[in-house]
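Asks: Test case, fold it:
(one chain, ligands or ions: 2)
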Amino acid sequence: MTVTSGSGSGSVAEAVSATIGRYRGNPHYVLQMLREIQEACDWISPEAVDLLQSELNLPRTKIEGVAGFYSFLYSRPRGRYRVLFSDNITDRMLGSIELFDYMCEQLWVERGKTSEDGLVSVDSTSCTGMCDQGPALLVNSYAITHMTRARVDEICELIRSKTPLADWPRKYFHVDDQILRKDILLASELAPGDALVAGLGRGADALLAEIKASNLRGRGGAGFGTGLKWEACRNAQGKARYVVCNADEGEPGTFKDRVLLASYADAVFEGMTLCALATGAQRGMLYLRGEYRYLLDQINAVLARRRQGKLLGDGILGRPGFDFDIEVHLGAGAYICGEESALIESLEGKRGTPRNRPPFPVTHGYLDQPTVVNNVETFAAACLIAKRGGAWYSAIGTPASAGTKILSVSGDCARPGLYEYPFGVSVSEVLEACGAADAQAVQVSGPSGICVSQPEFGRRIAFEDLPTAGAFMIFNRSRDMFEVARNFVHFFAHESCGFCTPCRVGTSLLKKLMDKLNNGHGSLYDLAEIEKLNHLLQSMSHCGLGHSACNPVLDTIAKFRPAYEKRLQHTEFEPAFDLDRALRKARQMTGRDDAGAHFTTVPGEQK
Ligand SMILES: Cc1cc2nc3c(=O)[nH]c(=O)nc-3n(C[C@H](O)[C@H](O)[C@H](O)COP(=O)(O)O)c2cc1C
Ligand code: SF4
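Replies: Ligands and ions are numbered 1, 2, ... in the order given. Prediction:
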């Protein structure tokens, strides 16, 4: 892996001109340009925006709007070293908060702020997809896992001595695969080109028929039939067709796409190429989440190798007219860009705001043309079907859920990592395999999924029972399920794109209600408010993020009610603002803490 230093000393004009040259001045690459400018100059200065605006002939507001949307892009100086601690619940369970505070102390910097000398900022970010090896953080977008106090000390020293990131010890940037159970996909020994030769042998029509016969359903969560999607794209009117691989993998607790791209990238690209064969597309794009920046060079090297081997480019495998190539776009810290229409907006260089649907991407996708968007795992699975046929594939799993599913297992277990199982595996089988003896709950499919409690451990991973994009987060009996739900609610409030009012306001109100309960001011009234918010979010939100934002709270209220009840200090409504608590600082300053200095007594608080 090559780590870009981000010296901050790069000339803005040079950085802007280089990136514009790389993308031939195409405004659809604005996001990529902004990202590259930041890598060279550490932030996106007004000067950089001026230059981009005049060179690309774009309104300034458009460029600023894009820069302002993505959380990894900075329109104000943020330090030469930008540290972001992963804030998933699994990182917290491994001690990330203490390490975060410890690093701030060591570097004399406030949480979320930039140090006075402009050297470093330390903040948190949503789950970085390293849940099997946390606590994790990003430094200038590069992941460092297995954080400990000793590692914090070493990193602080490197920062203080201004050591360029490129000179930091390589071992810091090593990310493990941790594959612990292989089945047909992860154990497959297909060589690059094998599936493509098989697909070409069958021909486009027969290949499509096999994909349909396999009953392969999308692995990104919604489970739409892959064959139907490919067919709809092929039959749609358009000047061009596109194949998009969704590697945004932002759902907290999911990291299987990271491993597929690290060690099975050929299969993913081959699946995309099969899709191009079936649909007639000539251009493919892989949207890689910004947190996986460390994979970019390695993935591009795989693409280059495939071009050399005639597995990409013009006349693939000597077939005149079979022209297809793939490019990688890097995201910049926005969970919503995993939603397929937001992802397409982002690919077009815009803010990642979900589109109205219908029309769907299969008819009106990238540049309004027919586009297939599939998850990383879906494309990899298509290779097996091209080689071994739809009937073979559909016989694995359950009747409604064909094939296997890769689970990203994390949390309270002895062996976190990837487990591939045929659909139909029960929660308890997975728990046994990963060494989770004392589990009280499993969050299946991340915060937007389902919280499964111990009496339900006989339930099965399958579209007809527990559908999942892959996350399998385990919580043992020592964990407070209220805190788990509160972390998820904070995630949704942070990641709401703000486009529609019910979600923008609703997720923020939900977060406030959960914080209010946490601070000991909750009442039954607040639980009723949560129910009302759920109704609002479910019925009025524009996209899936808003629809599912209340799921973790409702699930945990239903299954772990005592965790909420112990926080209900009042039966009547209680305001969230606590005057006595607010006056605590004043008491400290005056050195007065007698009974008369208190407005009231806060339950559980020492006078
Ligand atoms: C808020 C939100 C986030 C999503 N994130 C992802 C993601 O990270 N990866 C993914 O493949 N699908 C994600 N999806 C689902 C995609 O919109 C889309 O259904 C999927 O990429 C289609 O691929 P598939 O048919 O292979 O599953 C997300 C959906 C929503 C509503
Ligand atoms: S539901 Fe939320 S994330 Fe989706 S468009 Fe509305 S504000 Fe954005």
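Asks: can I assume residue 440 is in contact with residue 481?
Replies: Yes - contact between residue 440 and residue 481 holds when scored by C-beta atoms under 8 Å: they sit 7.4 Å apart. Quick note: C-beta positions are derived from backbone N, CA and C, even for glycine.
Asks: Need the residues touching each of the two.
Replies: By C-beta atoms under 8 Å, 6 or more residues apart in numbering, residue 440 and residue 481 have these common neighbours: residue 475.
Asks: Who has more neighbours out of these two?
Replies: Shown here are residue 440 and residue 481; by other C-beta atoms under 10 Å, residue 481 has more neighbours (23 against 16).
Asks: In contact with that one, which residues?
Replies: If a contact means C-beta under 8 Å, 6+ apart, then residue 481 has 440-441, 451, 475, 556, 559-560, 563 as its contacts.
Asks: same thing but 7 Å
Replies: 441, 475, 556, 560, 563 (C-beta atoms under 7 Å, 6 or more residues apart in numbering).
Asks: Please name the nearest non-neighbouring residue to it.
Replies: Among residues not flanking residue 481 along the chain, residue 560 sits closest, at 3.9 Å (C-beta to C-beta, 6 or more residues apart in numbering).
Asks: What separation is there between the one you found and residue 350?
Replies: Shown here: residue 560 relative to residue 350, a distance of 40 Å by C-beta to C-beta, to the nearest Å.
Asks: higher neighbour count, the two?
Replies: Neighbours per residue, other C-beta under 10 Å: of residue 560 and residue 350, the larger number sits with residue 560, 21 against 18.
Asks: Could you report the neighbour count for the residue of the stretch 251-400 of the chain found nearest ligand 1?
Replies: Evaluated by C-beta to the nearest ligand atom, the stretch 251-400 of the chain has residue 338 as its residue closest to ligand 1, separated by 2.2 Å. Using other C-beta under 10 Å, the number of residues around residue 338 comes to 27.
Asks: What number of residues are in the vicinity of residue 272?
Replies: Under the neighbour criterion other C-beta under 10 Å, residue 272 is assigned a count of 27.
Asks: Sorry, wrong one. I was asking about residue 117.
Replies: In terms of burial, residue 117 registers 10 neighbours under the definition other C-beta under 10 Å.
Asks: Show me the strands in the stretch 501-607 of the chain, by range?
Replies: Chain-ordered strands for the stretch 501-607 of the chain, with DSSP state E, counting those that start in this stretch as the definition, fall at 522-523, 568-570.
Asks: Indicate each strand paired with the first one and its parallel or antiparallel sense.
Replies: Which is strand 522-523. According to DSSP bridges, strand 522-523 forms sheet pairs with strand 568-570 (parallel).
Asks: show me where pLDDT drops low in the stretch 451-600 of the chain?
Replies: The model of the stretch 451-600 of the chain has pLDDT under 70 over residues 570-579, 596-600.
Asks: Please list the residues of it that sit near ligand 2.
Replies: Taking C-beta under 6 Å from any ligand atom as the criterion, the stretch 451-600 of the chain approaches ligand 2 at residues 496-500, 503-504, 541-543, 545-546.
Asks: tell me the contacts of residue 365?
Replies: Contacts for residue 365 (C-beta under 7 Å, 6+ apart) come out as 242, 344, 371, 373.
Asks: Would you report which members of those residues are assigned to strands?
Replies: Using DSSP state E, the members of the contacts of residue 365 that fall within strands are 242, 371, 373.
Asks: quick one on the thing from earlier: need the winner for burial among the strands of the stretch 501-607 of the chain.
Replies: strand 522-523 (a mean of 22; mean count of other C-beta atoms under 10 Å).
Asks: Scan the helices and strands of the chain for the one with the lowest mean pLDDT.
Replies: None of the helices or strands of the chain scores lower by mean pLDDT, DSSP states H and E than helix 579-582, at a mean of 69.
Asks: Can I get it as CSV, trimmed to CA atoms?
Replies: What follows is helix 579-582, C-alpha atoms only, in CSV (Å, rounded to 0.1, in the frame of the first residue of the first chain):
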residue,chain,number,x,y,z
LEU,A,579,-31.0,24.1,35.4
ASP,A,580,-29.3,22.7,38.3
ARG,A,581,-26.8,20.7,36.1
ALA,A,582,-26.3,23.8,34.0
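Asks: How far away from the center of its chain is that helix?
Replies: A distance of 38 Å separates the centroid of the chain from that of helix 579-582, by C-alpha atoms, centre = their mean, to the nearest Å.
Asks: what does stretch 436-446 give?
Replies: Using C-alpha atoms, centre = their mean, the distance between the centre of stretch 436-446 and that of its chain works out at 20 Å.
Asks: got the contact list for that stretch?
Replies: 221, 251-254, 412-413, 427, 431, 449-454, 466-469, 471-477, 479, 481.
Asks: pLDDT on it, on average?
Replies: Mean pLDDT, computed over stretch 436-446, is 97.
Asks: how close does the residue of the stretch 201-350 of the chain found nearest ligand 2 sit to residue 28?
Replies: In the stretch 201-350 of the chain, no residue comes nearer to ligand 2 than residue 336, which is 4.9 Å away by C-beta to the nearest ligand atom. In this structure, residue 336 and residue 28 are 19 Å apart, going by C-beta to C-beta.
Asks: mind checking how far residue 62 is from residue 27?
Replies: 8 Å.
Asks: Run through the helices of the stretch 251-400 of the chain in chain order.
Replies: Taking DSSP state H, counting those that start in this stretch as the test, the helices found in the stretch 251-400 of the chain are 256-263, 265-279, 296-308, 340-347, 376-388, 390-394.
Asks: any idea how far the closest residue to ligand 1 within the stretch 51-200 of the chain is from ligand 2?
Replies: Ranked by C-beta to the nearest ligand atom, the top residue of the stretch 51-200 of the chain for proximity to ligand 1 is residue 129, at 9.6 Å. With distances taken as C-beta to the nearest ligand atom, to the nearest Å, residue 129 is found 19 Å from ligand 2.
Asks: dump the residue contacts of that residue.
Replies: 249, 254-255, 258, 289, 291-292.
Asks: Not counting its neighbours along the chain, what's nearest residue 500?
Replies: Spatial nearest neighbour of residue 500, excluding adjacent residues (C-beta to C-beta, 6+ apart): residue 542 at 4.1 Å.
Asks: Do I have it right that that neighbour meets residue 501?
Replies: No - Residue 542 is not in contact with residue 501 according to C-beta atoms under 7 Å; the separation is 9.6 Å.
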